[in-house]
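Novice: the following block contains a protein sequence and its predicted model.
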Amino acid sequence: TNYVEGTSVHDVLASKSVHDVVALNTYLVDHSAVDAYGFLIEGDGKRIFYSGDFRAHGRKSKLFDSMVKNPLKDIDLLFMEGTMMQRDNSEFPAEKDVEDKIFETIQHQENISFLISSSQNIDRIVSAYRACLRARKTLVIDIYTAWVLEQLKLVSGNTPNMEWDLVRVYASYSQDEKLKEQPEFFGDFRRRVYKYRVTKEELGAAPADFLYLGKMSSFKIIDLYRGQKPVNVIYSQWLGYLKASNDEYYGAEAMASYQKNGEVNFVYAHTSGHATVEDLERFAGAIGPKKLVPVHTEYPDRFHQVYESITVIKDGEAYIL
């Protein structure tokens, strides 16, 4: 797709050099969130690639492998993320390792399990569902998660949703009110949610049959099941959130307290949605840009360990290529 601000592409091609036209191409990348892309921008004789958020160890790792095997050529400038420049991913190197840990935790459970993760981490939802299939447990999602998965049905038939076997929806009052407020927007979604709804009574009657996908704010529901048999709380996101206050992330303090609570079996199972240092090095080396600019990182100066030609640009600083 071609973009030129303030005029049409046809007018530019008719009256100016083709170098005045900016071409933008997208490249699907492996990331924990769905529909993540890298961008190739071409204009004025230059080629810039922005990596976006990406990784090489998710369920779409073939995308990374393909780009490294058949890299873009003649890149003048690479904007590359570096979220993992100072983090270690060795405990759970790949998404499959997270799935295995979830399965190991829930297969012989005597009480309900809670998986604390983002509803937009689609790879993690797939991991949870696959673990439930292996353990013959039912995955419980909330209305918001059900709606996110409903949107994915428009582009993929391979993502779990509320209509699949071993998936049920917990309809909380607050989320249900959102559906009732905008019936025209949600259409028949609310009616279908109640077709696949799981009630408090069903969860309470056989809690060991379920894995509940929750958030930090789910501590109130978790506390309902604390008792003689430990509740599994599988924490499946960045550990740094546990150091936050409730004002920053509602429920963070309660979630952190579960680490030392005898009524809770606190389990960590998470792999990053971002590339490791080793994969950043592979990616930069394959593309071989004339210049690499670090973005999305707290440690830009450490990029010299992954590539030689590094240019660090400060926020608000103009840089002319």
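Specialist: Happy to help now that I have it. Residues are numbered from 1 along each chain as shown.

Novice: and Ser174, what is it in contact with?
Specialist: Applying C-beta atoms under 8 Å, 6 or more residues apart in numbering to Ser174 gives no contacts. From N, CA and C alone the C-beta is placed, and that goes for glycine too.

Novice: please, which helix or strand holds it?
Specialist: Per DSSP states H and E, Ser174 falls inside helix 173-181.

Novice: which residue comes closest to Gly58 once chain neighbours are left out?
Specialist: Distance criterion C-beta to C-beta, 6 or more residues apart in numbering; nearest residue to Gly58, sequence neighbours excluded, is Asp30 at 4.5 Å.

Novice: tell me the SS of that neighbour?
Specialist: Of the three states, Asp30 takes coil according to DSSP: H, G, I helix; E, B strand; the rest coil.

Novice: re earlier: give me the mean pLDDT for the next helix or strand after the helix holding Ser174.
Specialist: With elements assigned by DSSP H and E, the helix or strand that comes after helix 173-181 is helix 183-186. The average of the pLDDT scores along helix 183-186 is 96.

Novice: same thing with stretch 45-61?
Specialist: In this model, stretch 45-61 carries a mean pLDDT of 96.

Novice: do stretch 22-41 as well
Specialist: 93.

Novice: what residues sit buried inside that stretch?
Specialist: Neighbour-count burial for stretch 22-41 flags 22, 27, 29-32, 34, 36, 38, 41 (criterion: 16 or more other C-beta atoms under 10 Å).

Novice: all strands of the stretch 101-250 of the chain, in order?
Specialist: In the stretch 101-250 of the chain, the strands defined using DSSP state E, counting those that start in this stretch lie at 113-116, 138-142, 167-170, 210-214, 231-235.

Novice: parallel or antiparallel, which strands does the first one pair with?
Specialist: In the sheet containing strand 113-116, the strands it pairs with under DSSP bridges are strand 210-214 (parallel), strand 231-235 (parallel).

Novice: quick check: mean pLDDT across the last one?
Specialist: To tie it back to what came earlier, the one meant is strand 231-235. For strand 231-235, the mean per-residue pLDDT is 98.

Novice: tell me the SS of Ala284?
Specialist: helix.

Novice: quick revisit: any chance of the strands paired with strand 113-116 in JSON lines with distance to Lys180 and mean neighbour count as columns?
Specialist: Formatted as JSON lines, these follow (distance: least, C-beta to C-beta, whole Å; neighbours: other C-beta atoms under 10 Å):
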{"stretch": "strand 210-214", "distance to Lys180": "23", "mean neighbour count": "26"}
{"stretch": "strand 231-235", "distance to Lys180": "31", "mean neighbour count": "24"}
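
Novice: columns distance to Leu133 on top of those, output as CSV?
Specialist: Below are the strands paired with strand 113-116 laid out as CSV (distance: least, C-beta to C-beta, whole Å):
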stretch, distance to Leu133
strand 210-214, 11
strand 231-235, 16
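
Novice: what's the closest of these to Glu95?
Specialist: strand 231-235 (14.3 Å; C-beta to C-beta).

Novice: then the closest one to PDB, C-alphas only?
Specialist: Extracted C-alpha coordinates of strand 231-235, given in PDB (Å, rounded to 0.1, in the frame of the first residue of the first chain):
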ATOM      1  CA  VAL A 231      -6.100 -24.000  45.400                       C
ATOM      2  CA  ASN A 232      -3.700 -24.000  42.500                       C
ATOM      3  CA  VAL A 233      -2.800 -20.400  41.300                       C
ATOM      4  CA  ILE A 234      -0.800 -20.700  38.200                       C
ATOM      5  CA  TYR A 235       0.800 -17.300  37.700                       C
END
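
Novice: what's the spacing between that strand and its chain's center?
Specialist: Distance of strand 231-235 from the chain centroid (C-alpha atoms, centre = their mean, to the nearest Å) equals 19 Å.

Novice: got a list of contacts for it?
Specialist: 101-102, 105-106, 109, 111-116, 222, 225, 242, 255, 258, 263-270.
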